[in-house]
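1. kindly return the folded structure for what I paste below:
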Amino acid sequence: QLQLVESGGGLVQPGGSLRLSCVASGFIVDYYVIGWFRQAPGKEREGVSCISSSGSDTNYVDSVKGRFTISKNSTKNTVYLQMNSLKPEDTAVYYCAATQGSFPYCYESDMDFWGKGTLVIVPS
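-> Residues are numbered from 1 along each chain as shown. Okay, the predicted model is just below:
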């Protein structure tokens with residue numbers, strides 16, 4: 001069974017940091033493009049960052065560039081999202097998703113399966 005499980009969310013003050021984890025089971029992350037997406041209250045889900053199957057290529061939405069870093073640990077079959085300098089507008093449920101497609105095609109419609117999400121709250 002192909003599965004993604006996110007963790008690491010929580011309540012953090014503005015300017016703080018969190019590291020989200022996305023643990024994969026039933027498949028090997030090195031053969032998939034993995035993306036992080038988020039959905040804020042009352043808003044549509046948006047793409048945050050993606051990492052290629054090799055891990056050599058990444059991309060970010062403009063609003064998180066310089067603050068968030070995506071990475072993966074192949075040994076642990078896990079993809080991370082390090083989030084620094086968090087802002088209230090980063091409040092959202094964060095999801096990871098996977099596709100066997102090609103980087104940089106990491107749009108919501110490209111993804112083959114999803115985790116259930118982890119909630120990040122940055123109060124104003």
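2. for burial, what's the neighbour tally of residue 105?
-> When neighbours are counted by other C-beta atoms under 10 Å, residue 105 registers 13. For every residue, glycine as well, the C-beta is placed using N, CA and C.
3. swap in residue 66?
-> Counted with other C-beta under 10 Å, residue 66 comes out at 9.
4. and if you look at residue 1?
-> Neighbours of residue 1 (other C-beta under 10 Å): 6.
5. give the contact list for the residue lying closest to it once chain neighbours are set aside.
-> Spatially, and ignoring its direct neighbours in sequence, residue 1 is nearest to residue 26 (5.0 Å; C-beta to C-beta, 6 or more residues apart in numbering). Residues near residue 26 by C-beta atoms under 8 Å, 6 or more residues apart in numbering: 1-3.
6. so who does residue 34 touch?
-> Per C-beta under 8 Å, 6+ apart, neighbours of residue 34: 22, 24, 50-51, 70, 72, 79, 96-98.
7. change it to 6 Å
-> 51, 79, 98 (C-beta atoms under 6 Å, 6 or more residues apart in numbering).
8. ok, what's across the strand from the last one?
-> According to DSSP bridges, the residues that bridge with residue 98 are residue 34, residue 113.
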